[in-house]
Every structure is written in C-alpha cells, then in structure tokens.
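Peer 1: 3D model of this:
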Amino acid sequence: MSGAPPAVLAQGATLAPGVGSRQDLPLPFGLAVAGAATALVVSFVALAVLWPAPRLDGAHAGRTLPGPVAALLDSCATRIGLAGLGAAFTLYVLAALLLGRDDADNPVPFVVFVLLWVGVVPLSVAFGPVWRRVNPIRSLHLAGSRVARLDPAVGLLPLPRRLGYWPAAGGLLAFTWLELIAPDNATLPVLRVAIALYVGAQLLGGLVFGSHWFDRGDAFEVWSGLFGRLSPLGRRADNRLVVRSPLAGLDALPAAPGLVATVAVMLGTTAYDGASGSPRWFIFAQSSGSPTLVRTLGLVTVVAVVGLLFTAGTRLAGRAGGADPRSMPAAFAHSLVPIALGYVVAHYWSLLVLEGQNAVIHLADPLGTGANVLGLADRTPDTTLLAPTLVAVVQVLAIVGGHVLGVVLAHDRAVRLFARRRAVLGQLPLLALMVLYTCGGLFLLFSD
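Peer 2: Now for the predicted structure:
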C-alpha cells in the first residue's frame, strides 16, 4: 500500500498537528506537575473533612425521566432504528473494506481507529453505552437467531460467571496492539483479516453463550459501557431510565472477574501510547532487531505495571482500613474509569479533532472512484481546536480532572468499606497511587 493514512492513528506513530508539548503549557512543566499533585492532596483533605459518610448510592440514585421521554428512548422503534443505523453504516464501510482502493484515502482505517475507537467515547459519556444499541455484530447474531427460531439470549452453554470481563480485557489489548504496534495496520489486507477474526470470535461467543456474551465479551461494548457509566443518563436497579450524577453510575458498577484487568488495559495501553512516542523508545525498539516483539513486550509490561500497582495499592489500603485485602482491587476498580477517560481525552484530542474530520471527508468517496456521496470531498479539516496551547491545557485538565474524580469515587467507597476511625488512613495508599498515576501520566504525555 502506498501512503497509509497519516493517521494510524496513534500518537505513538504519526502525531496529528497541534499536539501540545511542554513548551506549549501556560506554566512551567514542573509547576504543572506540582500543581496537579497538590490538587489531588487538597481534594483528599477536603473530602476527609466534608465527606465523612458515603453519599453515592448508584443502584438507586437518579431522577426518573418523564414518562413519554422514557417510553420513546425504550421503544421498539428506537431500538430498531439505532440497530438499523449501525447496520447501514457497517455495510457502507464494508464496501470500502472489500471493494475500495488500498490507498491513503480509503476511509476504513479512519473509521476503525478514530470513529470507532475514539469517537464512541464522548458519545458514550454523553448518552450512555451507545455501542450496545448500534453494534452490528449483536444485530447479526439477533437476526440469525430469529431465522433459526432460537432465543438469542440462550446459547449452547450458560455464560460462566468466572469468565467475567476477561474476554473484553483480551480484546481491548489485542485491538490496541493492532492500533499501536502491528505492521501495516492501516492496509486493507491486515484490516480485513483483523475484522474477520474479531467478528468470527464474537459470533462464536454469541452462539455458545447467547447474547449476554456481548455484555462482557465484546471489547467495544465493554469500552463503551464503562465510559457510559459516566453519562448523566442511566438506569437504576429497577431498570427505570433516570438522570443522575455520573459518579453514581460508576458507583453502581458491580465487581466482576476481569474488571481490574480491563480497566488496567484501558489505562495502561493509553499510557504506553504516550511512552511509545519517546524518541529514546523509538530508537531502542528500531535498533533491537525485532521491533514488533520489543514493542509488544513494552505494551504488555506497561499494562501489567499499571494493574500490579493498582492491585498492590488497593490491597495495602484494605489492610490499613481493616477490610479484606483480596476483595479491594475489584471494589475500587470503578475509580480508574474516569482516569482512563482523562488519558483518552489527553492523548486523542488532536487525533479525534483532525482525523475525525478526515474520516467524514474520506467517507464521501468510499470506493476511491472520485465520487462525492456526502458532498464533502473538497473540504479540508478545521484546525481551530488544535492550537498548541489549547491542546496542552485540555490535556492537563483532562488528566488532573480524571484523577480528582477517581479520588472522589475511591473516597466514597473507602468510607463505606473501612472502619470509620481507619477510613482516612486506609485511603493514603490510594492517594499515593493517584499522585503517582497523575505525575507519570503528565510526564509521558509531555515527554520530549
């Protein structure tokens, strides 16, 4: 393939114009790091004084939507319409995948690495787990079950509880390997194989375990669903649609096997993305003789370090707080989701703004025939939101804000689980972990 999309769409590969640097910060880098750490410590102290008892009751929180609004959102017509929209868009992109030209103007890499991976995040934060509604694989499984006159919720075997989120953790890790490391990852032959393998694996999971498989086994449904917990639109335990605090949505996230691994992958892969942009790492990997293997080991190592640090920190917190240390990682896993969101915003802001526009522009001519289906082929991306100083400020605020929300979630969970006299002491390891993540994230993001 000649001229793979500039995209590929990872900060560790080719950077989009306008990405912030240390020089673009409105204050010295060291002061920014010190300020971020101070913000976390001040937040911790304020919470210890002003938030002495648990306030979040995610399973029962929220104000119910007006009846007509809830009925419209939950209606069969809305569900079919969203699923149909997802299916139609998928068929449009499949035409480009199977029949389009293998060049830099093909929209498929932009759709996969920008719209699907990054673009679904703000939509989920705004409206909830949107990918569940438009997921074409779930729709295909449902259609096949109807044709075969089978209950889509029932598979050949019951879904084992111990399986939990482990398939999603593996799927997310595999996708980020494709995005960040795989050779020729923007070429159509590679994408055809990757997409075919993923669709085949998901349909097999649906056949064996029924449609409940997608809730835990589809990496993109889990990706969208976890970030969707931050949406003000959610469901209570009684299944009613409500408007609620985003923190309440995460508080309602039940612990499950593989959840810690999944959030560690969400956070660690983005951290690796920042680290892989370092010139030293690039030179080291390229000169190793096996750059793909070295990068793969680097990716797995960063994810493992993130997960191990979190496990160690939460278990230490459990010991200090008088709770069972073994159950603490899963109990506090939800506090990593806003941190992962902050990392996604910080690392992919420029990518989404620039390449998201390019994705729509390239979709105007999916087959590379000179067509202009959407009337946008002659447009150029608007770079107003890519001013370096603006990007740098967004990046810092995203990382610090995500960690502050993580501190709030961890504090509320701690005062619920720990003995009252030991609640503050038990949170000190968590605070140290948050400060470490914040400083490390800023260093990787703005490393020269």
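
Peer 1: In what element of secondary structure is the residue positioned nearest the centre of the chain found?
Peer 2: Against the mean C-alpha coordinate of the chain, by Cα atoms, centre = their mean, the closest residue is W223 at 4.8 Å. Using DSSP states H and E, W223 sits in helix 219-228.

Peer 1: what's the answer for L150, then?
Peer 2: Under the criterion of DSSP H and E, L150 resides outside all helices and strands.

Peer 1: This protein: strands as residue ranges?
Peer 2: 63-64, 233-235, 241-243 (DSSP state E).

Peer 1: give me the number of residues near the nearest residue to F282 once chain neighbours are set aside?
Peer 2: Nearest residue to F282, sequence neighbours excluded (Cβ to Cβ, 6 or more residues apart in numbering): S276, at 7.3 Å. For the C-beta atoms, the positions are set from N, CA and C on the backbone; glycine is no exception. Residues near S276, counting by other Cβ atoms under 10 Å, number 21.

Peer 1: can you check T64 too?
Peer 2: With other Cβ under 10 Å as criterion, T64 counts 14.

Peer 1: what's the spacing between it and R235?
Peer 2: Distance of T64 to R235, given as Cβ to Cβ, to the nearest Å: 10 Å.

Peer 1: Next, show the common contact partners of those two.
Peer 2: L241, V242 (Cβ atoms under 8 Å, 6 or more residues apart in numbering).

Peer 1: neighbours around the nearest residue to L376 once chain neighbours are set aside, how many?
Peer 2: Closest residue in space to L376, ignoring its immediate chain neighbours: A364 at 4.6 Å, by Cβ to Cβ, 6+ apart. If you count neighbours by other Cβ under 10 Å, A364 ends up with 17.

Peer 1: residue contacts, S327?
Peer 2: A255, G318.

Peer 1: and the gap between it and A168?
Peer 2: S327 is 21 Å from A168, by Cβ to Cβ.

Peer 1: T380 is in contact with L354, correct?
Peer 2: No: under the criterion of Cβ atoms under 8 Å, L354 makes no contact with T380, lying 10.6 Å away.

Peer 1: ok, and the closest non-adjacent residue to A398?
Peer 2: V345 (3.8 Å).

Peer 1: same deal with F110?
Peer 2: A359 (3.5 Å).

Peer 1: just to revisit the earlier point, would you mind pulling the contact partners of the helix holding W223?
Peer 2: 116, 120-121, 123-125, 127-132, 135, 138, 165, 167-168, 170-172, 174-175, 214-216, 249, 253, 262-263, 266, 337, 340-341.

Peer 1: could you flag which of the residues you listed are buried?
Peer 2: 116, 120-121, 123-125, 128-132, 135, 138, 165, 167-168, 170-172, 174-175, 214-216, 249, 253, 262-263, 266, 337, 340-341 (16 or more other Cβ atoms under 10 Å).

Peer 1: Show me those that map onto helices.
Peer 2: Among the buried ones among the contacts of helix 219-228, the members falling in helices are 120-121, 123-125, 130-132, 138, 167-168, 170-172, 174-175, 214-216, 249, 262-263, 266, 337, 340-341 (criterion: DSSP state H).

Peer 1: how close does F332 sit to L40?
Peer 2: Relative to L40, F332 is positioned 15 Å away (Cβ to Cβ).
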